[in-house]
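Engineer: following is a predicted model, sequence given first.
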Amino acid sequence: MCGIVGYLGPKKAKEVILEALKRLEYRGYDSAGVAIFTDGRIEVVKTKGKIARLEELLKERDLEGGLGIGHTRWATHGKPNDINAHPHRCGPIVIVHNGIIENYAELRRSLESEGIDFYSETDTEVVACLISKKYRGNLFEAVVEAVEELEGSYAIVALSEKEPGVMVAYRKDSPLVLGVGEEEYFVASDIPALLPYTNRVIPLEDGECALMTERGYEIYQGGGRVKAKKEPKFISWSPALAEKAGYKHFMQKEIFEQPRAVADTISSLFSPDDGSFGLFEEDFAQVIKDVKRIRLVACGTSYHACLVSRYWFDRFSKIPVEADIASEFRYRDISFGEGELCIFVSQSGETADTLAALRICKEAGCLTLGVCNVMESTIAREADSVVYTLAGPEIGVASTKAFTTQLVVLFLLSLYVGMTRGVITKEDIVQIAEPLVYIPGYIDEALRLDEQLKELARKFMKKEHFLYLGRYLNYPIALEGALKLKEISYIHAEGYAAGEMKHGPIALIDENMPVVVLAPKDKVYEKVKSNIEEVKARSGVVIAFTDRDNRELEGKCDYVFYLPKAKEYLTPFVYVVPLQLFAYHVAALKGCDVDQPRNLAKAVTVE
Ligand code: F6R
């Protein structure tokens, strides 16, 4: 889950790499480092901690060269310290690596028996030494030979001190994108890192090796053995989308971008006037007609989006539907049947477990669909078809706008599948989807609770535990609210189906336990009201969210916040917003690192 980058061109590599690393820092921030070719030598500068610290160190170093690599680390093998920081050097070879080398211990033993000494605890140093061992003056060949002995997942960028104008990148199961500029070449773990420099990219596939020199780039497939012709694709994201634009944190900016992101996603996929969809190419639309079961697979927040959509598939598609956490799904022994559509929801499109689940389903002959935000990401490319959320780059580690845009896609899919199965007609769709166009406006209104929620955050920021309750469509929103709070503010929070409270969690409730209750006036509202009574009867502190026209919670709850009244089946879009804002303010007031919470990384590309 580290971020890696490489540059070869006329600019100062140090500056390009630092800028790109800042954009990749969401992938890990335990340590950072660069290796720059300067005056015939490769100078390595690296440090524990964040890129800001590396930047300070680099101010004192005069590194002029136009070839270099960089790394920001999420520690897997070895503590996050200076020594384990990348880049790693062995003989003339210097590399950065993202992924996990599963057989590194064996390789290390074997290299040690040949007299090689290791200075770090990392699997990466083993790779550097293996390449060094294979090196006979041609970096490309040494990399290709070395990777044959590696097991696991890896994206590697390598330099050799003996080849001043050469950079080699290899990918297997960890993302890597080649950027093509004017007589300059880039590699990075994702596209946003490249956007300030180029919009022309070539995502590398597994087993592909890129050789970059001052004369150009070449790509080889089949473990680097077969030369391939790949043209760059144009990516329309602008670099400004990946800036903070005056907000204090990316997460805050991304929460506030939701009206735009949701509106863009709706209009790119659906025309509310005539109920027509722009979800798929014709050939995929043909096969989707025969679908008999839907499996939704994802992790974290994306999984919560799947849980919400289960209610929509039940209601609008009338089709058997399951939602699974990818890390569990991949170890089940599933008996797949005929006509299964497996949908993989992933902001990054790179989550290792979700990708593994996709490969299992493909292998089993299921129809596969990715719902991704990052264009040309691995899941987007490997699935039979992909629907993109138009959230734009999401930089804050806590997912917000990706979630609401995933909801848009899944909601539209449920209507589409219902239509192909003859459950609902085009006219029904126009009617059911009509309230969707109001959602961006409702989210905008929900965002106006910002100041009030900041006040609430001030009152509750010292609490150690929170319970979030919701039912029906807002049960997953309770899970999501709790996840947001715990991941960025480090406060323990649990999301629960309100109806389950009596089966255990009610024992937790006392005057110290704040309970956040989602209470839109939907078909389970009366039940939720009873749950509120149960909490109050045990002296719990209730913070309720309800529809604007519902005043009856006023006397029953300690705090009541009012939200625009959305159509019942669309309430999750609106109810998640104040929970995102509340979590954001608690974390910001506590002085937590909102965009880069401890121990987390944005794209979980290791199992
Ligand atoms: C939480 C969060 C994570 C991700 C999860 C899946 O705020 O961001 O739980 O949702 O790691 O990531 P993607 O969607 O990239 O597969």
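Structural biologist: Yep, that arrived. Residues are numbered from 1 along each chain as shown.
Engineer: let me see the contact set for the nearest residue to Tyr197 once chain neighbours are set aside.
Structural biologist: Among residues not flanking Tyr197 along the chain, Gly181 sits closest, at 5.6 Å (C-beta to C-beta, 6 or more residues apart in numbering). Where you see a C-beta, it was placed from the backbone N, CA and C, and this is true even at glycine. Applying C-beta atoms under 8 Å, 6 or more residues apart in numbering to Gly181 gives the contacts Gly9, Tyr197, Thr198, Arg200.
Engineer: sort out which residues of stretch 538-546 are buried, please.
Structural biologist: The neighbour-count check on stretch 538-546 (16 or more other C-beta atoms under 10 Å) flags Gly540, Val541, Val542, Ile543, Ala544, Phe545, Thr546 as buried.
Engineer: from those residues, which single one is nearest the ligand?
Structural biologist: Nearest to the ligand among these is Phe545, at 19.5 Å by C-beta to the nearest ligand atom.
Engineer: so for the helix or strand that contains the closest one, mean pLDDT?
Structural biologist: Assigning secondary structure by DSSP states H and E places Phe545 in strand 541-547. Throughout strand 541-547, pLDDT has a mean value of 97.
Engineer: identify the residues contacting that strand?
Structural biologist: With contacts defined as C-beta under 8 Å, 6+ apart, strand 541-547 is touched by 456, 460, 511, 513-521, 532, 535-536, 553, 556-565, 575, 578.
Engineer: for that strand, what is the distance to the chain centroid?
Structural biologist: The gap between where strand 541-547 is centred and where its chain is centred comes out at 30 Å by C-alpha atoms, centre = their mean, to the nearest Å.
Engineer: next SSE downstream of that strand?
Structural biologist: Moving toward the C-terminus from strand 541-547, the next helix or strand (DSSP H and E) is strand 559-563.
Engineer: quick one: strands adjacent to that following strand?
Structural biologist: strand 541-547 (parallel) (DSSP bridges).
Engineer: got the CA positions of the strand it pairs with in PDB?
Structural biologist: Coordinates of each C-alpha in strand 541-547 appear next as PDB, following Å, rounded to 0.1, in the frame of the first residue of the first chain:
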ATOM      1  CA  VAL A 541     -27.700  10.400  25.500                       C
ATOM      2  CA  VAL A 542     -29.600  10.400  22.200                       C
ATOM      3  CA  ILE A 543     -28.400  12.400  19.200                       C
ATOM      4  CA  ALA A 544     -31.200  12.000  16.600                       C
ATOM      5  CA  PHE A 545     -31.400  12.800  12.900                       C
ATOM      6  CA  THR A 546     -34.800  13.000  11.400                       C
ATOM      7  CA  ASP A 547     -36.900  14.600   8.600                       C
END
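Engineer: was I right to think Phe313 contacts Leu307?
Structural biologist: No. In this structure, Phe313 is not within contact of Leu307 by C-beta atoms under 8 Å, at 11.0 Å.
Engineer: which one's more surrounded, the two?
Structural biologist: Phe313 (25 against 19; other C-beta atoms under 10 Å).
Engineer: would that one count as being in a strand?
Structural biologist: No. Going by DSSP: H, G, I helix; E, B strand; the rest coil, the assignment for Phe313 is helix, not a strand.
Engineer: so what are the domain limits for the protein?
Structural biologist: Taking automatic domain parsing as the reference, the chain has its domains at 3-242, 250-445, 448-590.
Engineer: of all those domains, which lies closest to Gln596?
Structural biologist: Evaluated with C-beta to C-beta, those place domain 3-242 nearest to Gln596, the distance being 5.2 Å.
Engineer: that closest one near the ligand at all?
Structural biologist: No. Applying C-beta under 6 Å from any ligand atom, one finds domain 3-242 separated from the ligand by no less than 9.8 Å.
Engineer: tally of neighbours for Tyr525?
Structural biologist: By other C-beta under 10 Å, 19 other residues sit near Tyr525.
Engineer: what of the one 10 residues further on?
Structural biologist: Residues within reach of Val535, counting by other C-beta under 10 Å, total 24.
Engineer: bridging residues for the closest residue to it other than its chain neighbours?
Structural biologist: Nearest residue to Val535, sequence neighbours excluded (C-beta to C-beta, 6+ apart): Val515, at 4.9 Å. As for beta bridges, Val515 partners with Leu467, Val542 under DSSP bridges.
Engineer: residues contacting Val515?
Structural biologist: Counting by C-beta under 8 Å, 6+ apart, Val515 touches Phe466, Leu467, Tyr468, Leu469, Ile509, Val535, Gly540, Val541, Val542, Ile543.
Engineer: any figure for the gap between it and Lys486?
Structural biologist: To Lys486, Val515 is 15 Å away according to C-beta to C-beta, to the nearest Å.
Engineer: repeat that for Gly396.
Structural biologist: Separation of Gly396 from Lys486 (C-beta to C-beta): 15 Å.
Engineer: which one's more surrounded, the two?
Structural biologist: Ranked by neighbour count (other C-beta under 10 Å), Gly396 and Lys486 place Gly396 first, with 25 against 17.
Engineer: next, count neighbours for whichever residue of the stretch 501-607 of the chain sits closest to the ligand.
Structural biologist: In the stretch 501-607 of the chain, no residue comes nearer to the ligand than Val604, which is 4.9 Å away by C-beta to the nearest ligand atom. Val604 is flanked by 21 other residues according to other C-beta under 10 Å.
Engineer: also Lys529?
Structural biologist: Neighbour number of Lys529 under other C-beta under 10 Å is 21.
Engineer: just the mean pLDDT for whichever strand or helix holds it, thanks.
Structural biologist: According to DSSP H and E, Lys529 maps onto helix 525-537. Per-residue pLDDT over helix 525-537 has a mean of 95.
Engineer: and the residue of the chain found nearest the ligand, how many neighbours does it have?
Structural biologist: Nearest residue of the chain to the ligand: Gly300, at 1.8 Å (C-beta to the nearest ligand atom). For Gly300, the neighbour count with other C-beta under 10 Å is 21.
Engineer: ok, it - contacts?
Structural biologist: So Gly300 contacts Ser399, Leu483 (C-beta under 8 Å, 6+ apart).
Engineer: quick revisit: are any of the contacts of strand 541-547 buried, and which?
Structural biologist: Burial by neighbour count, 16+ other C-beta under 10 Å: within the contacts of strand 541-547 this picks out 456, 460, 513-521, 532, 535-536, 553, 557, 559-565, 575, 578.
Engineer: surely Gly418 is in a helix?
Structural biologist: Yes. Counting by three-state DSSP, Gly418 is located in a helix.
Engineer: that one: what's it in contact with?
Structural biologist: Contacts of Gly418 (C-beta under 8 Å, 6+ apart): Phe316, Ser317, Lys318, Ile319, Ile424, Ile429.
Engineer: with Ala326 instead?
Structural biologist: Contact partners of Ala326, counting by C-beta under 8 Å, 6+ apart, are Val297, Ala298, Cys299, Tyr303, Phe344, Thr351, Asp353, Thr354, Ala356, Ala357.
Engineer: check which helix or strand covers the nearest residue to it once chain neighbours are set aside.
Structural biologist: Nearest non-adjacent residue to Ala326, counting by C-beta to C-beta, 6+ apart: Asp353, 3.8 Å away. Assigning secondary structure by DSSP H and E places Asp353 in helix 352-363.
Engineer: just Tyr217 next, same as before
Structural biologist: Tyr217 belongs to strand 216-221, assigned by DSSP H and E.
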